[in-house]
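Colleague: Here's my sequence, what's the structure:
(2 chains)
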Amino acid sequence: MTAALAVTRPKPSTFAQWWVLTTRLVGPSVRNGEVLLSVGSTVIFTAGWYVPLNHIMGARSGMSSYAQFLMPLIALQGIAFASEAGALRASSDAVTGINRRFKSMPIGMLTPLVARTSTSVYRCVIGTAAALVCGYVIGFRFHRGLECAVAFCAFLLLIGVVLSYLADVIGTTSKNPEATTQWLLMPQVIFGLLSVGIQPAEHFPHWIQPVVRNQPISQFVYVLRALAGDTTPGAGSLTWSVGAPSLAWIAGAITITVPLSAVLLLRRP
Amino acid sequence: MRVADQDMKADMKRGSAVLREDAFPMVDRRFGENSLRLLGPHTWVQTQRLLVRLVRDPLTFVFGLILPICFLVVLNVVLGDAIRSVTGHSALHGSVPLVTLVGAMSGASVAAVGIITERADGLLARLWVVPVHRASGLLARIGSEAVRVVANSFFILCAGMVLGLRFNHGALASLAWLCLPAMFGIAFATLVLTVALYWPSTILVEAIATVEYLGLFFCTGFVPLDQYPHWIQPVVQHQPLSYAVEAMRGLSLGGSVLRPALATLLWSAGIAVGCAIPMVVGYRRASMRG
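Modeller: Got it, this is the predicted structure:
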């Protein structure tokens, strides 16, 4: 009897475990239509905002073209779809009990969480690429050089990872994987419409302007628009007063969601 | 039937004291399980079941009512002025119909989720082995969807009237107005049920939502037809949502009603007829294989 206890337990490498858990999430995403759907949604939403609104809103935008004006919103939608796919996955994992199973195995406490984060980065890279391609097709261009273009993508990825944590928390707590995506999609459209990504804040009714200006999507749009630049001065300049509110929103979201998702993953049911 | 009776009497004679004959409910089996006379009552029982489930599920209200009404308010705030300045009348004549149709469509995914989970739980298979009319399950699903869409559209119409929508042709027109989303909702429900029976996946709901938004963005209720580029105008003009919106706009504002209403009917009938046979085959297969 004691011989069984004396057998040395295998010491799996944390890196290999992280890799296995990441490929578990990344692998099926290509086959089960997850990637296809998030890229498809980005294409549909790009066409859906640009084609109907180009004529009616283009003249009000105050920039060289409506595509240039709309691009930050398209980019944000792209990473939002990416994080929604993550929410769906987190919800299925929670419901089918794989999270509980992992807890009973010799895996480092934070390894599943790190694996999920790296999968979110992968999804957000695809989302960003899809959004940039869509933007280029409708006529968006970077005007401030390579550094700003890289900063644009990096900022977008940062928002994407934070959003993914948020989606993870929503997905893990929701007991209904099918409903999760709908929970996230309609608010996304509502907040997208109610942001400066669609039209400048001056064109909204007065009573709602403070909300429109200060909600996080608008703040992100201001930063992304400044990073992308424009041939006209309408894009705004890159100053601390433009960037600080966005960074504050991101910092706030991280301080809430990261501990929360760690607690959700680590708690005992 | 008679054989069973005799068996039971034989049991009694042998002195089986545990179960008395009158403890068994006598089932009325005058008609076969697929008799037309049973179709009505069986469909009614199942419709009631689905409606009770719908009413008890908070998601029905969130997807069907709260989010669409928020969407309507935001749509009115953001695009209302621009559309009024282009067309000369309130954007609500187009956006309220659009939102009722979106509500009908996004609620349909709740029904799709319902049939997927009931299949996985084995309820469909269970119903298949008890003497229930074979058609009642599907008819009840479509019937409960129709009831939900009418109720939904009524509340969204009330929200629209609070925002300022008025009917220029009286109350009768508003009753006819409610029929159009019901018609389209039934057709869309058959489509969604058919897809759900063949592709029971969690991604399905997201795919439905994507189709729904494609319809929403390219619809005359979102932005007037002449605001779209020329090359896409024929598509926008002839898609089912636009026809339904035009018919409903005609009923509230005035203008042609008959032609777009007939086109909506044709689209809905086309979708429903096209899906009917695959849906029945899929339902049978889903019920028999569990």
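Colleague: Close to chain A: what parts of the stretch 101-250 of chain B are there?
Modeller: Contacts of the stretch 101-250 of chain B with chain A, taken as Cβ under 8 Å from any Cβ of the partner chain, map to B:106, B:109-110, B:112-113, B:116, B:201-207, B:209-210, B:213-214, B:216-218, B:222-223, B:227-229, B:232. For glycine as for every other residue, the C-beta is placed from the backbone atoms N, C-alpha and C.
Colleague: Just the buried residues of those.
Modeller: When these are checked for burial by 16 or more other Cβ atoms under 10 Å in any protein chain shown, the buried set is B:106, B:109-110, B:112-113, B:116, B:202-207, B:209-210, B:213-214, B:216-218, B:222-223, B:227-228.
Colleague: quick one: which of those sit in strands?
Modeller: Nothing among these maps onto strands, per DSSP state E.
Colleague: Next step: the residues you listed restricted to helices.
Modeller: Among these, the members found in helices (DSSP state H) are B:106, B:109-110, B:112-113, B:116, B:203-207, B:209-210, B:213-214, B:216-217.
Colleague: out of everything not next to it in sequence, what's closest to the residue of chain B found nearest chain A?
Modeller: Residue nearest to chain A within chain B: B:Phe217 (3.0 Å; Cβ to the nearest Cβ). Counting by Cβ to Cβ, 6 or more residues apart in numbering or on different chains, B:Phe217 lies nearest to A:Gly48, which is 3.0 Å off, once chain neighbours are set aside.
Colleague: How many residues are close by the one you found?
Modeller: A:Gly48 has 20 neighbouring residues, counting by other Cβ atoms under 10 Å in any protein chain shown.
Colleague: Okay, helices next: where are they in the stretch 151-290 of chain B?
Modeller: Along the stretch 151-290 of chain B, counting by DSSP state H, counting those that start in this stretch, helices occupy B:171-198, B:203-217, B:233-238, B:240-253, B:258-289.
Colleague: Now do the fourth one: which elements does it pack against?
Modeller: Yep, that's helix B:240-253 we're talking about. Contacts defined by 3 or more Cβ pairs under 8 Å, 6 or more residues apart in numbering or on different chains; DSSP states H and E place helix B:240-253 against helix B:92-121, helix B:171-198, helix B:203-217, helix B:258-289.
Colleague: Turn the ones you listed into a markdown table, columns for distance to A:Val161.
Modeller: Formatted as a markdown table, the helices and strands packed on helix B:240-253 follow (distance: least, Cβ to Cβ, whole Å):
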| stretch | distance to A:Val161 |
| --- | --- |
| helix B:92-121 | 28 |
| helix B:171-198 | 33 |
| helix B:203-217 | 21 |
| helix B:258-289 | 39 |
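Colleague: Sticking with A:Leu25, tell me its helix or strand.
Modeller: Take DSSP states H and E as the rule and A:Leu25 turns out to sit in helix A:14-31.
Colleague: Contacts for that helix, please.
Modeller: With Cβ atoms under 8 Å, 6 or more residues apart in numbering or on different chains as the test, helix A:14-31 has contacts from A:34-35, A:85, A:89, A:102, A:107-108, A:111-112, A:114-116, A:118-119, A:122-123.
Colleague: Please flag which of those residues sit within helices.
Modeller: Under the assignment DSSP H, the contacts of helix A:14-31 contribute A:34-35, A:85, A:89, A:102, A:111-112, A:114-116, A:118-119, A:122-123 to helices.
Colleague: Can I have the buried ones of those residues as a PyMOL selection?
Modeller: Of the ones in helices among the contacts of helix A:14-31, the buried ones go into a single PyMOL selection, burial set by 16+ other Cβ under 10 Å:
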select buried, chain A and resi 34+35+85+89+102+111+112+115+116+118+119+122+123
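Colleague: quick one: low-confidence parts of the stretch 101-250 of chain A?
Modeller: For the stretch 101-250 of chain A, the stretches flagged by pLDDT under 70 are A:177-183, A:234-235.
Colleague: What segments of it are helices?
Modeller: Along the stretch 101-250 of chain A, counting by DSSP H, counting those that start in this stretch, helices occupy A:111-138, A:145-173, A:177-193, A:209-214, A:216-228, A:240-266.
Colleague: Same list, these, but as JSON lines with distance to A:Phe69 please.
Modeller: Converted to JSON lines, the helices of the stretch 101-250 of chain A look like this (distance: least, Cβ to Cβ, whole Å):
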{"stretch": "helix A:111-138", "distance to A:Phe69": "11"}
{"stretch": "helix A:145-173", "distance to A:Phe69": "15"}
{"stretch": "helix A:177-193", "distance to A:Phe69": "14"}
{"stretch": "helix A:209-214", "distance to A:Phe69": "15"}
{"stretch": "helix A:216-228", "distance to A:Phe69": "8"}
{"stretch": "helix A:240-266", "distance to A:Phe69": "16"}
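Colleague: tilt between the host helix or strand of the residue nearest to B:Phe217 and helix A:111-138?
Modeller: Assigning secondary structure by DSSP H and E places A:Gly48 in helix A:34-58. Angle between the axes of helix A:34-58 and helix A:111-138 is 40 degrees (criterion: axes from the mean of the first three to the mean of the last three Cα atoms, to 10 degrees).
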